[in-house]
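Chemist: What would the 3D arrangement of this be:
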Amino acid sequence: MATGWNRDCVSRGITEGWKISQEAFVKSFDPSVLPNVTHILFEMNWNNRRRSWQRWVCSDGSEHAEVHFLEYVLRKLRYNSSVHCSITCYMSWSPCGECCQYIMDFLQRMPYVNLDIYVARLYWHKEENNRNGLWNLNMEVPIWIMDLQAYNYCWSMFVWDEDKDEEDYYPRHFAPWIMLYSLELQSILQRFQSRRTNLQFSAYV
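Modeler: Below is the predicted model of the structure:
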């Protein structure tokens, strides 16, 4: 069964694991570069467990990583919509418009799942569909750009200890990119909020 599942993942361009290598983490989450793969690091806790379950998935573009990530969560929760679960995920790219809708559909199916999303960079953020998707998703799920504390947390929790060349990871040279993407995300969310408010106002005029 597991072998069949692993073979299916490979055919879909998906890899997954428990800990990630330093090289893969730095390369995928550096906001100054534009990698062709998407990594999602996530931790989940359900049924008041003492320890969180941690995992990562990666897609080479054949299938979006968000799809596999949510399929994994559903299997882990045994498709039980009454399970209370909290999930925090760290994405190397923000979800596209289609994946934003997929996440919202998942949350409707699993109403007791609380999800928080941190992203390293924004995916094709000039595309209207992606901008609209982020705005709609943010109505259901808080979305943040990863800051230095988030990078250090991922470093300590998700990167193999034997693979680290330093104990802490505060990539201060990421700061300009963090600021740039933070301002752009804020602009997207505020712009759509303003547009929605104007439409609501005009309906009463």
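
Chemist: what residue lies at the spatial centre of the protein?
Modeler: Closest to where the C-alpha atoms of the chain average out (Cα atoms, centre = their mean) is Met91, at 3.5 Å.

Chemist: per-residue confidence at that residue?
Modeler: pLDDT, Met91: 97.

Chemist: isn't it right next to Ile117, touching?
Modeler: Yes: Met91 lies in contact with Ile117 (Cβ atoms under 8 Å); the separation is 6.5 Å. For the C-beta atoms, the positions are set from N, CA and C on the backbone; glycine is no exception.

Chemist: returning to what we had before: which residues touch the residue nearest to the centre of the chain?
Modeler: Residues in contact with Met91 (Cβ atoms under 8 Å, 6 or more residues apart in numbering) are Thr38, His39, Ile40, Ala65, Glu66, Ile117, Tyr118, Val119, Ala120.

Chemist: what is the second one paired to in the beta sheet?
Modeler: It refers to His39. Cys58 (DSSP bridges).

Chemist: List the contacts of it.
Modeler: Ile20, Ala24, Phe25, Ser28, Phe29, Trp56, Val57, Cys58, Ala65, Met91, Ser92.

Chemist: out of everything not next to it in sequence, what's closest to the fifth one?
Modeler: Nearest residue to Phe29, sequence neighbours excluded (Cβ to Cβ, 6 or more residues apart in numbering): Ala120, at 4.6 Å.
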